[in-house]
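Chemist: Generate coordinates for the sequence data below:
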Amino acid sequence: MKKDSSVFYISTGILLLMVLFGVFVPETLETVTANVQAFITNSFGWYYLILVSLIVLVCLYFLISPLGRIRLGRQDDRPEFSTLTWYAMLFSAGMGIGLVFWGTAEPISHYMISTPTGVEPGTNQAIRDSMRYTFFHWGVHAWAIYGIVALVLAYFNFRHGKPGLISATLEPVLGDRINGTTGKVVDIISVVATVIGVATTLGFGAVQINGGLSYLFGIPTGFMTQLLIVLIVTVLFMISAWTGLGKGIKILSNVNMLLAGLLLLFMLILGPTQFILNLFTNTIGSYLQNLPAMSFRISPLNEEIRTWINGWTIFYWAWWIAWAPFVGIFIARVSKGRTIREFVFGVLLVPSLIGFLWFSAFGGSAIMMEHEGIAKISELATEESLFGVFANYPLGSFLSVLAMILVGTFFITSADSGTFVLGMMTTNGSLTPGNKIKFIWGIMLAVISLVLLYSGGLQALQNTMIVAALPFSIIMALMATSLIKALNQEAKELGIGKIPKRKPQ
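Modeler: The predicted model follows:
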């Protein structure tokens, strides 16, 4: 219990200092985070690229290895949730708001504003590059980051009975030090990274809802509107958190998938259907063909392209890493009873394909409008680009309202899941954290998202997330090493992967 209290109090102390800093000297907070963010992206971009690529290779190895037969739990355990509900829960927690926020904004930016490879904006090659790099940012690399953390936690928690803590998974590499100061530091870093990652995404959600209200109804874009949005959604997600994992989050996740499916279906029907499907198919081939080169691309000889890589690819890798303890713990919690192979297939491949279709539909529609001169989507603010696309289709207002409701439900699900995960992390890995602790973390998430919005808007959100991701990336590398070591030991004990000896004739 002593360890639990110290992790909770030190984590909240660090975060409260950040809140006070942002409230009283907001410009300084933005300046400091911007400077640190610039240093990290310029100095450690190569490190992020190598680390994430290695994580992808580790996950794919588990997909084809005999180790994939090992179950996350006892061998007779079976999944708690149906496969469809499981996909809905991990997808809502892992990508939700981001998909809606960047669905049109990222492809149109790569096409018309700043191209990934330096080709002339607005060209056919810019379209191909735009979609390929969008797939890259939201594909298997992103889900591998989530997947490795979730896999490690689920394996040690359900297979070996360890607490649901990041530190508990490091015993094979750190030994008894996980029970002392080292373990506390690991858990504190994980909690702080989780809070900042979730709070950042909540900030994106508030900005997009504000953008939709502004585009549709002329409601002013600014901090006061975003404050009101965050306060309303905070009340809603606290009500959901009170009902628990089996009710609130499960119901919301299924609602999210239904709304997202409806929005995607409308876009496929109303948008340039054949172009979307052709773009989807062509880009998958280009993505697979160029995946190794994109994975290690840092462009040391071209300053302009390296700046693009820092602003997009390194930003995304840092975002996924900052979110990894939150999404990882949540996915682990709902994945008990699945085999490692089933887990990796479900977490890496299925959500990636859904995301690819999403970006082809929304990004492809935006690109087609721009390409044919129907609308200047690239001239809209990032948070308004989706609504600008809808405005050019039948049922545009209906789709915009549906999109805002979807962002709201994703917002509630992410915050609800975040309070559950933070409750676990600060109660010695309890699978049923109390409502009081979830309430405290819910308020903290709302306050920090508001502080970041107040101190610098979207840029402050991005800067802070990249800063928070660096220390946790080291912990991720240790977690992967720990899992490989433990699985190899178990494989020896169970005789997995051994070729049986033939009996003499």
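Chemist: Give the other helices and strands that the one helix or strand Val207 maps to contacts.
Modeler: In the assignment (DSSP states H and E), Val207 maps to helix 181-217. Helices and strands touching helix 181-217, by 3 or more CB pairs under 8 Å, 6 or more residues apart in numbering; DSSP states H and E, are helix 2-24, helix 96-102, helix 223-243, helix 315-333, helix 385-390, helix 396-425, helix 435-494. (Each C-beta comes from the backbone N, C-alpha and C, glycine too.)
Chemist: which parts of it are buried?
Modeler: 183-216 (16 or more other CB atoms under 10 Å).
Chemist: what is the mean pLDDT for that helix?
Modeler: Averaging pLDDT along helix 181-217 gives 85.
Chemist: Kindly report the same for stretch 82-94.
Modeler: For stretch 82-94, the mean pLDDT works out to 74.
Chemist: wait, what's in contact with Ala105?
Modeler: By CB atoms under 8 Å, 6 or more residues apart in numbering, Ala105 lies in contact with 382-383, 385-386.
Chemist: again, 7 Å this time
Modeler: Contacts for Ala105 (CB atoms under 7 Å, 6 or more residues apart in numbering) come out as 382, 385.
Chemist: Do you know the pLDDT at it?
Modeler: pLDDT for Ala105: 93.
Chemist: And Leu20, by the same measure?
Modeler: pLDDT, the model's per-residue confidence, is 86 for Leu20.
Chemist: And it, how far from Leu386?
Modeler: Leu20 sits at a distance of 35 Å from Leu386 (criterion: CB to CB, to the nearest Å).
Chemist: Just want to know which of these two has more residues nearby.
Modeler: Each of Leu20 and Leu386 has its neighbours counted (other CB atoms under 10 Å); Leu386 has more, 30 against 12.
Chemist: Next, the distance between the ends of stretch 72-89.
Modeler: One end of stretch 72-89 to the other measures 18 Å (CA to CA, to the nearest Å).
Chemist: Just the buried positions in it, please.
Modeler: Buried positions in stretch 72-89, judged by neighbour count with 16+ other CB under 10 Å: 72-73, 79-81, 85-89.
Chemist: Same question for stretch 100-114.
Modeler: 100-112, 114.
Chemist: show me where pLDDT drops low in the protein?
Modeler: Applying pLDDT under 70 to the chain flags residues 1-4, 91-96, 240-250, 253, 456-462, 497-505.
Chemist: Just the C-alphas of stretch 425-443, formatted as PDB.
Modeler: Written as PDB, here are the backbone C-alpha positions of stretch 425-443 (Å, rounded to 0.1, in the frame of the first residue of the first chain):
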ATOM      1  CA  MET A 425      -1.800   2.000 -12.300                       C
ATOM      2  CA  THR A 426      -2.100   3.800  -8.900                       C
ATOM      3  CA  THR A 427      -3.700   1.000  -6.900                       C
ATOM      4  CA  ASN A 428      -1.100  -1.700  -7.400                       C
ATOM      5  CA  GLY A 429      -2.600  -2.900 -10.600                       C
ATOM      6  CA  SER A 430      -6.100  -3.600  -9.300                       C
ATOM      7  CA  LEU A 431      -8.500  -4.800 -12.000                       C
ATOM      8  CA  THR A 432     -11.400  -3.000 -10.300                       C
ATOM      9  CA  PRO A 433     -10.100   0.400  -9.100                       C
ATOM     10  CA  GLY A 434     -12.500   2.400  -6.900                       C
ATOM     11  CA  ASN A 435     -14.700   5.200  -8.100                       C
ATOM     12  CA  LYS A 436     -13.000   7.700  -5.900                       C
ATOM     13  CA  ILE A 437      -9.600   7.200  -7.500                       C
ATOM     14  CA  LYS A 438     -11.200   7.200 -11.000                       C
ATOM     15  CA  PHE A 439     -13.000  10.500 -10.200                       C
ATOM     16  CA  ILE A 440      -9.700  12.100  -9.200                       C
ATOM     17  CA  TRP A 441      -8.000  11.100 -12.400                       C
ATOM     18  CA  GLY A 442     -11.000  12.200 -14.400                       C
ATOM     19  CA  ILE A 443     -10.700  15.700 -13.000                       C
END
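Chemist: Report the distance from it to the chain centre.
Modeler: Chain-centre distance of stretch 425-443: 21 Å, with CA atoms, centre = their mean, to the nearest Å.
Chemist: List the contacts of it.
Modeler: With contacts defined as CB under 7 Å, 6+ apart, stretch 425-443 is touched by 3-4, 7-8, 11, 163-165, 168, 187, 190-191, 194, 234, 237-238, 241-242, 329, 333, 415, 419-420, 422-424.
Chemist: go with 8 Å
Modeler: With CB under 8 Å, 6+ apart as the test, stretch 425-443 has contacts from 1, 3-4, 7-8, 11-12, 157, 162-166, 168, 187, 190-191, 194-195, 234, 237-238, 241-242, 244, 325, 329, 333, 415, 418-420, 422-424.
Chemist: Buried subset of these, written for ChimeraX?
Modeler: Per 16+ other CB under 10 Å, the buried members of the contacts of stretch 425-443 correspond to this ChimeraX selection:
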select :3,4,7,8,11,12,157,162,163,164,165,166,168,187,190,191,194,195,234,237,238,241,244,325,329,333,415,418,419,420,422,423,424
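Chemist: before we move on, back to that, any chance of the buried residues of stretch 72-89 in JSON lines, with secondary structure and distance to Thr283 too?
Modeler: Shown next, in JSON lines, are the buried residues of stretch 72-89 (DSSP: H, G, I helix; E, B strand; the rest coil; distance: CB to CB, whole Å):
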{"residue": "Leu72", "secondary structure": "coil", "distance to Thr283": "33"}
{"residue": "Gly73", "secondary structure": "coil", "distance to Thr283": "37"}
{"residue": "Pro79", "secondary structure": "coil", "distance to Thr283": "32"}
{"residue": "Glu80", "secondary structure": "coil", "distance to Thr283": "35"}
{"residue": "Phe81", "secondary structure": "coil", "distance to Thr283": "31"}
{"residue": "Thr85", "secondary structure": "helix", "distance to Thr283": "29"}
{"residue": "Trp86", "secondary structure": "helix", "distance to Thr283": "27"}
{"residue": "Tyr87", "secondary structure": "helix", "distance to Thr283": "22"}
{"residue": "Ala88", "secondary structure": "helix", "distance to Thr283": "25"}
{"residue": "Met89", "secondary structure": "helix", "distance to Thr283": "27"}
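Chemist: Can you tell me which of these lies closest to Ile148?
Modeler: Nearest to Ile148 out of those is Leu72 (CB to CB; 13.4 Å).
Chemist: Quick check: chain neighbours aside, which residue is closest to that closest one?
Modeler: In space, and not counting its chain neighbours, Leu72 is closest to Ala154: 4.3 Å by CB to CB, 6 or more residues apart in numbering.
Chemist: Could you do Ile178 as well?
Modeler: Per CB to CB, 6+ apart, closest to Ile178 is Ser167, 4.7 Å.
Chemist: Kindly provide the distance from the one you found to Ser482.
Modeler: Using CB to CB, one gets 11 Å for the distance from Ser167 to Ser482.
Chemist: Between those two, point out the one with more neighbours.
Modeler: Ser167 (27 against 21).
Chemist: ok, that one touching Asp187?
Modeler: Yes - between Ser167 and Asp187 there is a contact at 4.9 Å, judged by CB atoms under 8 Å.
Chemist: which stretch among the helices and strands packed on helix 181-217 comes nearest Ile354?
Modeler: helix 96-102 (8.9 Å).
Chemist: State the next helix or strand along the chain beyond the closest one.
Modeler: The helix or strand immediately downstream of helix 96-102 is helix 105-112, counting by DSSP H and E.
Chemist: Tell me how far that following helix lies from the chain's centre.
Modeler: Distance of helix 105-112 from the chain centroid (CA atoms, centre = their mean) equals 20 Å.
Chemist: Number the residues from 6 up from this point.
Modeler: Okay, residue one is now 6; in that scheme the one you just asked about reads as helix 110-117.
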